[in-house]
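Colleague: quick check, what structure comes out for this input:
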Amino acid sequence: VQLQASGGGLVQAGGSLRLSCAASGRTFSSYVMGWFRQPPGKEREFVGRISWTGGSTSYADSVKGRFTISRDNPKSTVYLQMNSLKPEDTAVYYCAASSNDRVYVYWGQGTEVTVSS
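Modeller: Residues are numbered from 1 along each chain as shown. Here you go, the predicted structure:
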């Protein structure tokens, strides 16, 4: 499956952004979809994931209550709604797909989010 992330940009602290990740290739609903991010100079970290049907989500503590993941299976797209953004949310954001909800084997190219203080 090929993944294409978009929607990044520059936003002020307290603002919102919505990232999208469009998938093509294999059946989108066969995959758990995850979002990850890599802050400047740091390791890539887990942001959150959504189950095959969208009935289950989980998030990193750092974004819980501020970020929401959703998916539209007919459109083969997963979203990351980011509210109350903080400068520490600045990172390149990646979407990824997993068939077993453990190992993410397909990755998008990343979209950059910069939050100014």
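
Colleague: list the contacts of stretch 107-117.
Modeller: Residues from elsewhere that reach stretch 107-117 (Cβ atoms under 8 Å, 6 or more residues apart in numbering): 3-13, 15, 17, 19, 21, 37-38, 82, 85-97. The C-beta positions use only the backbone N, C-alpha and C, and glycine is treated the same way.

Colleague: same question, stretch 45-54
Modeller: 29-39, 56-60, 63, 67, 69-71, 73, 78, 80, 93, 98, 101.

Colleague: okay, it in CSV with CA atoms only?
Modeller: Listed in CSV are the C-alpha atoms of stretch 45-54, where the atom choice follows Å, rounded to 0.1, in the frame of the first residue of the first chain:
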residue,chain,number,x,y,z
GLU,A,45,7.7,8.6,18.3
PHE,A,46,4.3,7.1,18.4
VAL,A,47,1.4,9.6,18.3
GLY,A,48,-1.7,7.4,18.0
ARG,A,49,-3.4,4.7,16.0
ILE,A,50,-6.9,3.7,14.9
SER,A,51,-8.2,0.2,14.4
TRP,A,52,-9.4,-1.4,11.1
THR,A,53,-13.0,-0.2,11.4
GLY,A,54,-12.2,3.0,13.4
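
Colleague: now the residue most central in space within the chain. Nearest residue, chain neighbours left out?
Modeller: Residue closest to the average C-alpha location in the chain (Cα atoms, centre = their mean): residue 35, at 3.0 Å. Leaving out its chain neighbours, the residue that sits closest to residue 35 by Cβ to Cβ, 6 or more residues apart in numbering is residue 47, at 4.2 Å.
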